[in-house]
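Q: okay, structure incoming, though there's no sequence with it:
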């Protein structure tokens with residue numbers, strides 16, 4: 001099979017297409033034929049080997065294990081299952097994340113996958129995993145666990161107020177939609193050009209950070225989800241309620257382990273996350289989110305490294321569009337900026 005690997009740390013130019021033996025699903029694992037994947041900040045920093053803390057687990061001088069395909073998000077079809085796997089069968093359409101998604105075949109632990117909702121395109125599903133689960137876990141850690149409910153004759157409960165900073169990014173676009181489904185009053189912070197986008201996603205209030213200081217003059221919030229990583233905790237604490245929570249996926253200016261997202265890479269392993277995640281995806285609806293094709297290899301990686309992205313970078317497996325895995329330029333050529341809308 002063909003895989004896209006990096007034999008050294010660097011930019012998109014170090015990506016290579018190689019022949020690799022097909023993996024075999026061991027006990028508790030699922031072999032997936034990959035239909036689509038995507039590019040996350042996690043993938044970018046693992047490719048670059050920065051911050052250097054990445055190299056503790058991935059190798060000091062070059063990514064290890066040698067020959068391991070890059071990529072983490074996956075959408076595809078189950079090819080085979082290992083002993084003990086009970087939730088999936090051959091032919092099931094699945095999505096999730098693991099290690100080695102930029103390959104024709106990859107093995108994923110059973111707990112790292114969910115069954116794909118009917119009608120969700122593979123290319124959309126390939127851009128979901130890390131970003132959507134990060135958003136879901138961030139909201140859950142902040143106490144937003146289940147949709148609000150009330151019975152006949154009962155007073156509607158007060159909606160929790162949630163502030164999402166970085167609402168137009170890959171994680172933020174999911175966070176806005178999921179928070180709304182959980183019954184929150186959502187205030188989204190983004191730049192001027194993305195105000196209309198986050199409003200379409202369902203935000204109750206939108207704030208342009210280029211004209212308004214987020215930490216001054218705002219009502220207090222029950223939960224602040226800080227995805228931009230550029231504000232101090234003590235400043236954000238001023239706009240939290242006495243019992244409010246602050247959840248951050250990064251540190252100021254990308255210091256320390258910010259790019260590796262502090263919110264549960266393996267969150268999908270929790271039963272709550274699997275069930276809630278799948279139910280939200282089943283309610284998806286497109287909301288005019290941006291998309292365009294990549295024409296050259298590595299472009300998705302280069303564009304992913306830029307700040308203030310309002311889209312996801314999805315990579316479609318080449319066999320589905322008549323391209324070749326033996327051409328490194330394939331990676332990114334058919335990638336599309338996609339976020340599945342959820343309503």
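A: All right, it came through fine. Bear in mind that the values here come from a model prediction, so they are computed numbers and not experimental data. Numbering: from 1, shown residues only.

Q: for the rest of this, base every contact and every neighbour count on C-alpha atoms.
A: Will do.

Q: okay, now the domains of this protein?
A: According to automatic domain parsing, the chain comprises the domains 2-128+290-337, 135-260.

Q: worst average pLDDT in these?
A: Averaged per stretch, pLDDT over the domains of the chain is lowest on domain 2-128+290-337, reaching a mean of 77.

Q: direction included, what does the strand ranked longest in the chain pair up with?
A: In terms of residue count, the longest strand belonging to the chain (DSSP state E) is strand 29-39. With DSSP bridges as the test, strand 29-39 is paired with strand 73-81 (antiparallel), strand 105-109 (antiparallel), strand 313-316 (antiparallel).

Q: tabulate those strands in JSON lines, adding columns for distance to residue 121 and mean neighbour count.
A: Output for those, formatted as JSON lines (distance: least, C-alpha to C-alpha, whole Å; neighbours: other C-alpha atoms under 10 Å):
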{"stretch": "strand 73-81", "distance to residue 121": "9", "mean neighbour count": "26"}
{"stretch": "strand 105-109", "distance to residue 121": "19", "mean neighbour count": "24"}
{"stretch": "strand 313-316", "distance to residue 121": "11", "mean neighbour count": "30"}
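
Q: of all those, which one is nearest residue 15?
A: The closest of the strands paired with strand 29-39 to residue 15 is strand 313-316. By C-alpha to C-alpha, the value is 14.6 Å.

Q: what's across from the spatially closest residue to residue 105 that is not a sequence neighbour in the sheet?
A: In space, residue 105 comes closest to residue 33 once its chain neighbours are excluded; the distance is 4.6 Å by C-alpha to C-alpha, 6 or more residues apart in numbering. Beta-bridge partners for residue 33, by DSSP bridges, are residue 77, residue 105.

Q: mind listing the helices for the chain?
A: Using DSSP state H, the helices of the chain run over residues 41-48, 54-58, 122-125, 129-141, 170-181, 195-200, 233-237, 271-281, 299-304.

Q: okay if I get the ones you listed as TSV plus mean neighbour count and distance to residue 214?
A: Listed next are the helices of the chain as TSV, based on neighbours: other C-alpha atoms under 10 Å; distance: least, C-alpha to C-alpha, whole Å:
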stretch	mean neighbour count	distance to residue 214
helix 41-48	22	25
helix 54-58	15	32
helix 122-125	25	32
helix 129-141	24	19
helix 170-181	26	16
helix 195-200	18	15
helix 233-237	14	8
helix 271-281	16	29
helix 299-304	19	26
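
Q: if we can go back for a sec, out of the strands paired with strand 29-39, which gets nearest to residue 64?
A: Closest to residue 64 of the strands paired with strand 29-39 is strand 105-109 (C-alpha to C-alpha; 16.1 Å).

Q: now do that closest one: everything it contacts.
A: 1, 22-25, 28-34, 97-100 (C-alpha atoms under 8 Å, 6 or more residues apart in numbering).

Q: would you mind confirming that the residue nearest to residue 105 makes contact with residue 102?
A: No - contact criterion C-alpha atoms under 8 Å: residue 33 and residue 102 do not qualify, at 10.7 Å.

Q: which one's more surrounded, the two?
A: residue 102 (30 against 23; other C-alpha atoms under 10 Å).

Q: any idea how far residue 195 lies from residue 239?
A: 21 Å (C-alpha to C-alpha, to the nearest Å).

Q: contacting residues for the residue nearest to residue 99 when sequence neighbours are not counted?
A: The shortest distance from residue 99 to any non-neighbouring residue, by C-alpha to C-alpha, 6+ apart, is to residue 72 (5.0 Å). For residue 72, the contacting residues are 37-40, 43, 97-102, 130, by C-alpha under 8 Å, 6+ apart.

Q: okay if I get those residues as TSV plus distance to residue 185?
A: Converted to TSV, the contacts of residue 72 look like this (distance: C-alpha to C-alpha, whole Å):
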residue	distance to residue 185
37	32
38	30
39	30
40	28
43	32
97	30
98	33
99	36
100	38
101	36
102	38
130	24
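
Q: need the max-distance pair from these.
A: Across those (C-alpha to C-alpha), the longest gap, 14.7 Å, separates 102 and 130.

Q: ok, back up a step: can you list the helices of the chain in JSON lines and add distance to residue 245?
A: Formatted as JSON lines, the helices of the chain follow (distance: least, C-alpha to C-alpha, whole Å):
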{"stretch": "helix 41-48", "distance to residue 245": "25"}
{"stretch": "helix 54-58", "distance to residue 245": "28"}
{"stretch": "helix 122-125", "distance to residue 245": "30"}
{"stretch": "helix 129-141", "distance to residue 245": "8"}
{"stretch": "helix 170-181", "distance to residue 245": "14"}
{"stretch": "helix 195-200", "distance to residue 245": "22"}
{"stretch": "helix 233-237", "distance to residue 245": "9"}
{"stretch": "helix 271-281", "distance to residue 245": "20"}
{"stretch": "helix 299-304", "distance to residue 245": "29"}
